[in-house]
Every structure is written in structure tokens, then in C-alpha cells.
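*Asks:* Sequence first, predicted coordinates after that:
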Amino acid sequence: MKTRPLGTSGLQVSQLGLGTMTWGTQNTQAEAFAQMDEALGHGVTFWDTAEMYPTNPVKIETMGQTESIIGQYFAQHPGSRAKVVLASKISGPGRYKLREESTITPATLTQALEASLQRLQTDTIDLYQLHWPNRGSYHFGQHWGYTGPQSTILNQTTATVVAEMLAIVETLAGFIKAGKVRAWGLSNDTSWGTMTMLHLAQQHGLPKPVSLQNEFSLLWRLFEPDLAEIALREQVGLLAWSPLAGGLLTAKYHHGARPAGCRATLPGYSGNHRSTATMQAAADAYRDLATKHGLDPAQMAIAFTLAMPFTASCLIGATSLEQLRTNIAAANLTLSAEVLVGIDAIRRQYPMPY
């Protein structure tokens, strides 16, 4: 498994990262342990989690269980922690309210980090991320009609928002100085948010964000072109989440199928915004392209994301070892020029399918 630099952090992350959000709901601890064993065996040493996990559904009662499972793995497998570049996130005000004060502040950052360190049974988190910006986000189907920050903070002046952002950067810098965090990153953020954070860090001589964990796949390419240029010029690597568009690019939902036990049939499913006729047509078109060239659809989709020059790591998740092995094998796939031409043609036909 090849590794890639994570921005200017000095960290090297495996080009495929292990997503963990199903551990504790769709997957048992034993199944999660088996996935971690499999990942390490193939050199997938970048693992991403969050205080919010597990998902499907997200509940305050299960908050932190995924981190606890990872912590138990480290405790029961001596030496494993040293092999892993570990990432986690503070939730923020996004789609789920997990604490009384959901806004990211110096106080909630400190509270969240200490709790995550305890659950993960580690002294340091290699990459600590802001899961959702305080200003809101356009992800999970919120991009239709999105014109900027959520209405709850529209009355805030830009100066007030920037001051809050500076307080966050200063707090994260303190974590790094104390050795509790090695680097920090953003998630589900915009061009303005990313550049403002970069400017504040430079202006005040503080550590800058080294990554941006945003959705990116054949079906969701809003990262291009503006965030893509920021990622390349400012060395803020994309950590691509949902490269399979919630399973749509695996072909298991071909022609609208909903296999028993799949994520789309579970309570609290967060991907209903993808349930459009246009999306299904686009997903079927990519499946047909893969079949035409003798490729596994999931591997084609992952290989495409890996080929982007701004991608630092592509986050893969699975509920079975078979799925995980299929996804990991995508690291060895290079798409032909003919396949890339076919991908471009489908994109032009379905530029924003959901």
C-alpha cells in the first residue's frame, strides 16, 4: 500500500484510509477487530473515526462507541497503535446534537478531545478534525439552495465569525504544543472556510489545517474546481469520504434494488437525498461502463478518486471482510484512457445527479 504526505504535517497516510462509522451498529466489536486486522495486513494504516460514530443511526446513547472499540483493539493488540495514523473529529453543530453546547468553542474542543483520547486509549490523536463548521454545511443534500451560512448565524458579522474561528485555531495549536494532537484538519467545509482558516493560521503564526475531509466520488464532484485548486496550492489534502456514494457505485442498488440488510434499508439512513431517478441513472451508467471494461464497479470508483492529484487518502468503509478486500484491491488499479473518456462522458450527461 502506497503512502502519501498529509499536507505539510510530516505525516504519511496510506492512500486508502479505513472508515469506521459502522462499528457498534452494523458491525460488532469482533467484526471491527477483524476489519482492523485485515487493514493492517494490507498496509491500510490511516484510520478515521469520530466522536459521533457509530452511524446508522446516530444516537446520543451510542456516541463514542466506535472510538471505544478502536481503543479496545489497541489495548488488546500491543504495538498496533504505533502502526496507525489515527484521525478523529469533534462533531460540531452539524446534523446531530450530541452535547448541550454543540457549537465548536475552546471549551467544547477541550471536552471532546479529552473524551476521545480516553475512549481511544491513546495519548495522542494524529489528526484532529472539525466534523462540521459552525457556519453550517452544504453536504448531505443541503447544496440545493445553499447560499452561505445557516440562518441561525446570518446576523453575525464576518468579524464575529472570524474571531470564533481564530479561537478554534488557537485552541488546536495548544493541543499540538501539548502533544495531544499532531495535526488538525477540516471537514465538510467550503472554499471560504478553508481559506479563512489558512489565512488566520498564517497571520498569527499558528499550525494550519493540513486536510479537508469532504465528500468526493464519481457521483459527487463539487470539490472541483475551486477546492481542488486550494488543496493543491495550499497543500491541504482531500480525505475523500463516501467514494462509493453510500454504496450506489458498488452496483448493489442497480436498477433500484435494495438488498436485505443494506444501509439504505436501515432506520436513520442518512442517504435519502441520493434517492433520485437521475442519481439511479448515473449510477447505472457507471456500473455499465465498469462492466464493459471488465472492472469491478466499486474498484473503478475508488481508483478514480485515488487518481485525483488533490487526494491524500480515500476513505473506504465496509460491513464485511469481503467488501473490505474488494475495496482495498482498488489500490492496485490504474484506469485506462478509454475508461476515463467514458467517465467524462457520463459526468457531462449527469453533472450533479443528486
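*Replies:* Yes, it's here. Residues are numbered from 1 along each chain as shown.
*Asks:* which non-adjacent residue is nearest residue 12?
*Replies:* residue 3 (4.2 Å; Cβ to Cβ, 6 or more residues apart in numbering). Any C-beta I mention is one placed from the backbone N, CA and C, and that applies to glycine too.
*Asks:* Let me know the pLDDT of the one you found.
*Replies:* pLDDT recorded at residue 3 is 98.
*Asks:* cool, residue 57 as well?
*Replies:* For residue 57, the predicted pLDDT is 87.
*Asks:* Let me see the ranges of the strands in the stretch 251-354 of the chain.
*Replies:* Assigned by DSSP state E, counting those that start in this stretch, the strands in the stretch 251-354 of the chain fall at 311-316.
*Asks:* For it, which segments count as helices?
*Replies:* 277-292, 297-307, 321-329, 337-349 (DSSP state H, counting those that start in this stretch).
*Asks:* Tell me which of those helices sits most buried.
*Replies:* Comparing the helices of the stretch 251-354 of the chain by mean neighbour count (mean count of other Cβ atoms under 10 Å), helix 297-307 comes out on top with a mean of 23.
*Asks:* and residue 18, which of the helices of the stretch 251-354 of the chain is closest to it?
*Replies:* helix 321-329 (8.3 Å; Cβ to Cβ).
*Asks:* Output the below-cut-off pLDDT ranges for the stretch 251-354 of the chain.
*Replies:* Applying pLDDT under 70 to the stretch 251-354 of the chain picks out residues 252-273.
*Asks:* Give me the contacts around stretch 282-301.
*Replies:* 217-219, 243-245, 248-251, 253-255, 323, 326-327, 329-330, 333, 335-336, 338-339, 342-343, 346, 349-350, 353 (Cβ atoms under 8 Å, 6 or more residues apart in numbering).
*Asks:* Can you pull up the most central residue in the chain?
*Replies:* The chain has residue 241 as the residue nearest its centroid, 3.6 Å off, counting by Cα atoms, centre = their mean.
*Asks:* any idea how far the closest residue in space to it that isn't next to it in sequence lies from residue 19?
*Replies:* Closest residue in space to residue 241, ignoring its immediate chain neighbours: residue 315 at 5.0 Å, by Cβ to Cβ, 6+ apart. Using Cβ to Cβ, to the nearest Å, residue 315 is found at 4 Å from residue 19.
*Asks:* Tell me how many other residues crowd residue 31.
*Replies:* By the criterion of other Cβ atoms under 10 Å, residue 31 has 17 neighbours.
*Asks:* Repeat that for residue 309.
*Replies:* With other Cβ under 10 Å as criterion, residue 309 counts 8.
*Asks:* what separates the residue nearest to the centre of the chain from residue 34, distance-wise?
*Replies:* The separation that residue 241 has from residue 34, given Cβ to Cβ, amounts to 22 Å.
*Asks:* ok, now residue 341?
*Replies:* Distance from residue 341 to residue 34, by Cβ to Cβ: 39 Å.
*Asks:* ditto for residue 93
*Replies:* Counting by Cβ to Cβ - residue 93 and residue 34 are separated by 35 Å.
*Asks:* more neighbours, the two?
*Replies:* residue 93 (22 against 15).
*Asks:* Would you quantify the distance from the closest residue to the more buried one other than its chain neighbours to residue 218?
*Replies:* Nearest residue to residue 93 in three dimensions, chain neighbours excluded: residue 102, at 4.3 Å (Cβ to Cβ, 6+ apart). Counting by Cβ to Cβ, the gap from residue 102 to residue 218 is 33 Å.
*Asks:* which one of these two has more residues nearby?
*Replies:* More crowded of residue 102 and residue 218, by other Cβ under 10 Å: residue 218, with 26 against 17.
*Asks:* Can you name the residues that contact residue 51?
*Replies:* By Cβ under 8 Å, 6+ apart, the neighbours of residue 51 are 63-64, 67, 88-91, 98, 112, 115-116, 131.
*Asks:* okay, who's weakest in those by pLDDT?
*Replies:* residue 98 (70).
*Asks:* What is the burial count for it?
*Replies:* Other residues close to residue 98 by other Cβ under 10 Å number 19.
*Asks:* So it: helix, strand or coil?
*Replies:* coil (DSSP: H, G, I helix; E, B strand; the rest coil).
*Asks:* ok, back up a step: in a markdown table: the helices of the stretch 251-354 of the chain, plus distance to residue 52.
*Replies:* Putting the helices of the stretch 251-354 of the chain into a markdown table (distance: least, Cβ to Cβ, whole Å) gives the following:
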| stretch | distance to residue 52 |
| --- | --- |
| helix 277-292 | 25 |
| helix 297-307 | 23 |
| helix 321-329 | 22 |
| helix 337-349 | 31 |
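*Asks:* and the gap between residue 49 and residue 247?
*Replies:* 20 Å.
*Asks:* who's more crowded, the two?
*Replies:* The residue with more neighbours, out of residue 49 and residue 247, is residue 49; 26 against 22, by other Cβ under 10 Å.
*Asks:* residues in contact with that one?
*Replies:* By Cβ under 8 Å, 6+ apart, the neighbours of residue 49 are 20-21, 66-67, 70, 86-89, 120.
*Asks:* Then residue 170?
*Replies:* Counting by Cβ under 8 Å, 6+ apart, residue 170 has contacts 106, 204, 206.
*Asks:* average pLDDT across the helix or strand harbouring it?
*Replies:* Assessed by DSSP states H and E, residue 170 sits inside helix 158-177. Taken as a whole, helix 158-177 has a mean pLDDT of 96.
*Asks:* ok, what's across the strand from the residue nearest to residue 12?
*Replies:* Per DSSP bridges, the residues bridged to residue 3 are residue 14.
*Asks:* Right, I'll call it a day here.
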